[in-house]
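In: Dropping a prediction and its sequence here:
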Amino acid sequence: MSTSTSTNPNPNQTHGSPSEIPYTIPLPEGIPKGHTTHTESTTTIFLPKAGAFLNPVQHYNRDMSVAVIRAWNELRKEELEAKFRKKLAKNGGVSKKQAKKLKQDGVTVDEQSNLPDGAEEVQVKDEQPVAGPSTERKFRAPSINILEALAATGLRSIRYAKEIPNVKYVLANDLSPSACEAMRRNVTFNGVGEDSLPTRKPWQPPVKEDGTSTPVENGEGEVKEESTTADVKVESEETAEVEDGLEPKDKVGRRPGCRGRVKINEGDACAFMYSHRSPVGPTSRVDVVDLDPYGTAAPFIDAAIGCISDGGLLAITCTDLAVLAGQQYPEKCYSNYGGVNVHAEYTHEAALRLVLHSLATCAARYGRYITPLLSFSIDFYVRLFVRINTGPEQVKRLSSKTGVVYTCNFCETSVIQPFGRIVERETAKGVVRESFKTHAGPTAKNGSNCEECGGTMHLGGPLWLGPIQDPEFAKRVMKDIPTQEKEYKTFPRMLGMLSLAAQELPDPFFFTANRVAKCLHMSSMPLNKILSALLNGGYKISRSHAQAGAIKTDAPRSFIFDIMREEAKTTPIRIDKIAEGSPARKLISKPMTHTIDFTPHPDASLERTGKETFYQINPLPNWGPAPRAKSIQVAVPPTTEKRKVDEVDDSKVENKKTKIEDNGFENDVILPQTQEDVIALKVEKEMDEEEMMNLQ
């Protein structure tokens, strides 16, 4: 997976002049000293050697985010247009203002739904036909605002502005002053700043031949103030460039219909998101929030969910897989996400469900609920795309979608225990009513021993038990990305991951043939043979995106072990090689409870059908998370005057602390670059003060 483009074979090299880089605006001061360049798609940014964070490995993350937000935006438009048409039909094809005027004039309007498509009928009191409105009202979707809370260099925000249509503003925030300085430079360099676009002229109504103007209403009687879609199209075509096989772009590389601008804010991420919690007003809610922190996103979840409008999208990344999916740190996992990690081969899927549980419980406090669209475990992080809505009735269903899991430490059989259940009852009048009940739990004895092998069961969760993928939405994204195949340098992997998400069953957890065979001291069976047995037994099957060779099914674990026992009839197991008292002996000796049929099934193949990449092998050495952004050293002289902060050259930075001697004073002061650095610096200061008090 290369991060370069056809216009820049080596994106990390230092260019001689900014004017040589396509889709950019030359800076007056030229290329900053001590900076390198990085290019993705049509976006090129300057990277300082210290003080800002960018991981080229997450090129795939950024490509997928652009594609998902584009697909969500189209879905949002369709939903809003459906509401618009329904409301229009209710008023007889006219706006509320026109309907009110007709009512005052004594005119009644028939419902649009009773007429043929495109027909309108208006009647007066004496049943005489009257001509309907002369102007057909058209739907125009409102623009969207995107908030990136931890923007660092601003690469992701700039790509959103250039590649996602209908975006008005991308609000890019970072706590680091040096990162914000880098963002301002990069935004200007790419021509997507607040003042980079020409001011649109107010819309003027068309003029008739007699010189009078005809007002045209938009929405609920509001006159258009911005240029129409046709005006935007003409303006973009004037400066559009067409590359071989690519979309036409303007001089700074925007895709058609993309006119977003980037606003930069320097400050605390949570405080910035909390300032957008109001449903209305100048700092109203945003439509998309992107959280991509270094490590856990737990400190930002509450603020992010509160500032997203209904139907909006939350894109969240967590790179602390050692906590979410590791064999250690259960206490840290619980403190961050409200659940304990699961020790099994499906721990990466459990990690996704732990994050979803944290999101769902946080949203429920405010009467909101989540709808997972796509959930991916990728490389060294998890990436989730979740819709946020408000609905007290849906919040009541959360207990039935949340629960704990008991996992056997030997055969990895899982027993899922939901917290609640929904009971539907039909009244005498035929109305179905729902009631919410608690769920019966296992006894202490049954919960501590595996019913398959007798092994010890470990407790994991609470976690999300509902679906983690929306197959229809995955297909929507898959349908959209081939039109921009040359725009996405990670297209094969995107297509493969989306293909897996579209077929993935909603049932929690998966198994692999190798792990099941290991429990019974057998050789692994051919995958098609296992899949045929499951399909012949009437069960569903699918792959899992989280691990190569993984199989998801709604079959019980006992059926899977019966497959192995049936295979053992033709391939005997060396029982003498298994220690006495081993759980494997109990698994092998347990009688079969299902009939197994190995007849080849036509749907047993799960191989890829095109150029998609299901499970990518790391293409470069040391593939993984990049080091945290370096702190910048500053010298503070002992004076009562206003302190002056001077950045020190990166070559002087060693082990994050460099002693600076100037005019007889010596200090080690670190300028925090991330939210975590601020907390660590505060704790260190408190410890130093406590130590001084003890010495006194």
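Out: Here it is on my side, so go on.
In: dump the residue contacts of residue 388.
Out: 305, 308, 310-314, 363, 368-370 (C-beta atoms under 8 Å, 6 or more residues apart in numbering). Glycine gets a C-beta too; all of them are placed from N, C-alpha and C.
In: In JSON lines: these, plus pLDDT and neighbour count.
Out: Listed next are the contacts of residue 388 as JSON lines, based on pLDDT from 0 to 100; neighbours: other C-beta atoms under 10 Å:
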{"residue": "305", "pLDDT": "96", "neighbour count": "25"}
{"residue": "308", "pLDDT": "97", "neighbour count": "25"}
{"residue": "310", "pLDDT": "95", "neighbour count": "13"}
{"residue": "311", "pLDDT": "95", "neighbour count": "16"}
{"residue": "312", "pLDDT": "96", "neighbour count": "23"}
{"residue": "313", "pLDDT": "97", "neighbour count": "25"}
{"residue": "314", "pLDDT": "98", "neighbour count": "23"}
{"residue": "363", "pLDDT": "97", "neighbour count": "25"}
{"residue": "368", "pLDDT": "96", "neighbour count": "21"}
{"residue": "369", "pLDDT": "97", "neighbour count": "22"}
{"residue": "370", "pLDDT": "97", "neighbour count": "25"}
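In: mind listing which of these are in helices?
Out: Members of the contacts of residue 388 lying in helices (criterion: DSSP state H): 305, 363.
In: ok, of the contacts of residue 388, which one's closest to residue 287?
Out: residue 312 (4.8 Å; C-beta to C-beta).
In: quick one: which helix or strand includes residue 416?
Out: strand 414-418 (DSSP states H and E).
In: For that strand, which residues meet the burial criterion?
Out: 414-415, 417-418 (16 or more other C-beta atoms under 10 Å).
In: ok, those residues vs residue 169, which is closest?
Out: When the buried residues of strand 414-418 are compared for distance to residue 169 (C-beta to C-beta), residue 418 wins out at 41.6 Å.
In: My guess is the closest one contacts residue 438. True?
Out: No - contact between residue 418 and residue 438 fails when scored by C-beta atoms under 8 Å: they sit 9.6 Å apart.
In: Can you pull the residues that touch both of these two?
Out: Residues touching both residue 418 and residue 438 by C-beta under 8 Å, 6+ apart: none at all.
In: sorry, back to before: can you spell out which helices and strands pack onto the helix or strand following the strand holding residue 416?
Out: Using DSSP H and E, the helix or strand that follows strand 414-418 in sequence is strand 420-426. Applying 3 or more C-beta pairs under 8 Å, 6 or more residues apart in numbering; DSSP states H and E, we find strand 420-426 packed against strand 432-438.
In: can you give me the angle the strand it packs on makes with strand 414-418?
Out: Between the axes of strand 432-438 and strand 414-418, defined by axes from the mean of the first three to the mean of the last three C-alpha atoms, to 10 degrees, the angle is 110 degrees.
In: send the alpha carbons of strand 432-438 over as PDB?
Out: The C-alpha trace of strand 432-438 is given here as PDB (Å, rounded to 0.1, in the frame of the first residue of the first chain):
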ATOM      1  CA  VAL A 432     -48.600  -5.600  19.800                       C
ATOM      2  CA  ARG A 433     -47.100  -4.100  22.900                       C
ATOM      3  CA  GLU A 434     -43.500  -4.500  24.200                       C
ATOM      4  CA  SER A 435     -42.400  -4.900  27.700                       C
ATOM      5  CA  PHE A 436     -38.800  -4.900  28.900                       C
ATOM      6  CA  LYS A 437     -37.800  -7.600  31.400                       C
ATOM      7  CA  THR A 438     -34.600  -8.800  33.100                       C
END
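In: That strand pairs with which strands?
Out: Within its sheet, strand 432-438 is paired with strand 420-426 (antiparallel), according to DSSP bridges.
In: which one among the contacts of residue 388 gets closest to residue 552?
Out: Checking the contacts of residue 388 against residue 552 with C-beta to C-beta, the nearest one is residue 370 at 21.5 Å.
In: mind listing what the closest one touches?
Out: Contacts for residue 370 (C-beta under 8 Å, 6+ apart) come out as 314, 356, 359-360, 363, 386-388.
In: So, low pLDDT: which residues of the protein?
Out: Counting by pLDDT under 70, the chain shows low-confidence ranges at 1-19, 50-53, 91-136, 196-248, 443-447, 607-611, 617-696.
In: ok, and for the longest helix along it, which residues are buried?
Out: Secondary structure of the chain per DSSP H: the longest helix is helix 59-90. By neighbour count with 16+ other C-beta under 10 Å, helix 59-90 contains the buried residues 59-77, 84.
In: same deal with stretch 269-281?
Out: 269-270, 272-273, 276-277.
In: can you map out the helices along the stretch 501-650 of the chain?
Out: 513-519, 527-536, 557-568, 583-589 (DSSP state H, counting those that start in this stretch).
In: between the ones you listed, which one is nearest to residue 338?
Out: helix 557-568 (27.0 Å).
In: Please save the CA atoms from that closest one in PDB.
Out: C-alpha atoms of helix 557-568 as PDB (Å, rounded to 0.1, in the frame of the first residue of the first chain):
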ATOM      1  CA  ARG A 557     -20.400 -24.800  19.400                       C
ATOM      2  CA  SER A 558     -21.500 -28.400  20.000                       C
ATOM      3  CA  PHE A 559     -22.300 -28.800  16.300                       C
ATOM      4  CA  ILE A 560     -18.700 -27.600  15.400                       C
ATOM      5  CA  PHE A 561     -17.200 -30.200  17.700                       C
ATOM      6  CA  ASP A 562     -19.500 -32.800  16.300                       C
ATOM      7  CA  ILE A 563     -17.900 -32.100  12.900                       C
ATOM      8  CA  MET A 564     -14.500 -32.900  14.300                       C
ATOM      9  CA  ARG A 565     -15.800 -36.000  16.000                       C
ATOM     10  CA  GLU A 566     -17.300 -37.200  12.700                       C
ATOM     11  CA  GLU A 567     -14.000 -36.600  11.000                       C
ATOM     12  CA  ALA A 568     -12.200 -38.500  13.800                       C
END
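In: how about it: buried residues?
Out: Within helix 557-568, the residues that qualify as buried are 557, 559-567, counting by 16+ other C-beta under 10 Å.
In: where does residue 410 land in three-state SS?
Out: coil (DSSP: H, G, I helix; E, B strand; the rest coil).
In: Go ahead and confirm it touches residue 453.
Out: Yes - Residue 410 is within contact range of residue 453, at 5.4 Å (criterion: C-beta under 8 Å).
In: So for the two, which sits in the more crowded spot?
Out: residue 453 (23 against 18; other C-beta atoms under 10 Å).
In: Regarding that one, what is its secondary structure?
Out: coil.
In: check contacts around it.
Out: Residues in contact with residue 453 (C-beta under 8 Å, 6+ apart) are 408, 410-411, 413, 519, 583-584, 586-587.
In: Let me know the distance separating it from residue 379.
Out: Going from residue 453 to residue 379 by C-beta to C-beta, to the nearest Å gives 33 Å.
In: in a strand, that's where residue 327 is, yeah?
Out: No - counting by three-state DSSP, residue 327 is not part of a strand but coil.
In: Check which helix or strand residue 394 maps to.
Out: Here residue 394 is assigned to helix 392-395, by DSSP H and E.
In: just checking, what packs against that helix?
Out: Packed against helix 392-395 by the contact rule (3+ C-beta pairs under 8 Å, 6+ apart) you find strand 368-378.
In: what are the pairing partners of the strand it packs on, and which direction each?
Out: With DSSP bridges as the test, strand 368-378 pairs up with strand 381-390 (antiparallel).
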